[in-house]
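Participant: quick one, fold the following:
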Amino acid sequence: MRRQVTAYMSDEEFNRLRDEADERGITLSRYIKERLFHNDGEGALTYSDSILAATEKRIVEAQRSAIAQSLKPLAQQLTTLLAMVDQFALSVLSHLPEIPESQRKQALASGQRRHRGWRAEVEETLKQMEPAAPSRKKAPSESGEHP
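Facilitator: Numbering: from 1, shown residues only. Here you go, the predicted structure:
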């Protein structure tokens, strides 16, 4: 047999409980019962438990929002870069003549050689653009040196 319990509370307390139940996606009745008893029927949950859970949820949401906002400029720069590369490819393909069949093997070898050189230059440029990384000096005992 199921029994009904009546409790008197202010509008503010009632609204808070209803909002917390809605956040969990359960009925108000079920939420109140869970608040009164743990699953094993032992101790009661405290008000601070729900405050802690709500605070944790707000922190997680704030962190997600901050990360998304900080990534927007990077995403915009990548979009711009992709558009630039696409336009560059179109320009090159539009202005360079087709290579005659007799010269394709030589042109491919030359292109691969030049591409390797270009990639090496890009890698060198990127290394120069990196901030100087702090070098970890070995302790005297690690390097076999004495101070």
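
Participant: now stretch 110-127: how far from the chain's centre is it?
Facilitator: Taking Cα atoms, centre = their mean, to the nearest Å, one finds stretch 110-127 lying 31 Å from the centre of the chain it belongs to.

Participant: which secondary structure elements does the one helix or strand Pro73 maps to contact?
Facilitator: Applying DSSP states H and E as the criterion places Pro73 in helix 47-95. Applying 3 or more Cβ pairs under 8 Å, 6 or more residues apart in numbering; DSSP states H and E, one finds that helix 47-95 makes contact with helix 11-24. For glycine as for every other residue, the C-beta is placed from the backbone atoms N, C-alpha and C.

Participant: okay, buried residues for the helix it packs on please.
Facilitator: Residues Leu17, Glu20, Ala21 are the ones in helix 11-24 that count as buried (16 or more other Cβ atoms under 10 Å).

Participant: which residue lies nearest the spatial centre of this structure?
Facilitator: Ile67 (6.2 Å; Cα atoms, centre = their mean).

Participant: need the pLDDT of it.
Facilitator: For Ile67, the pLDDT comes out at 95.
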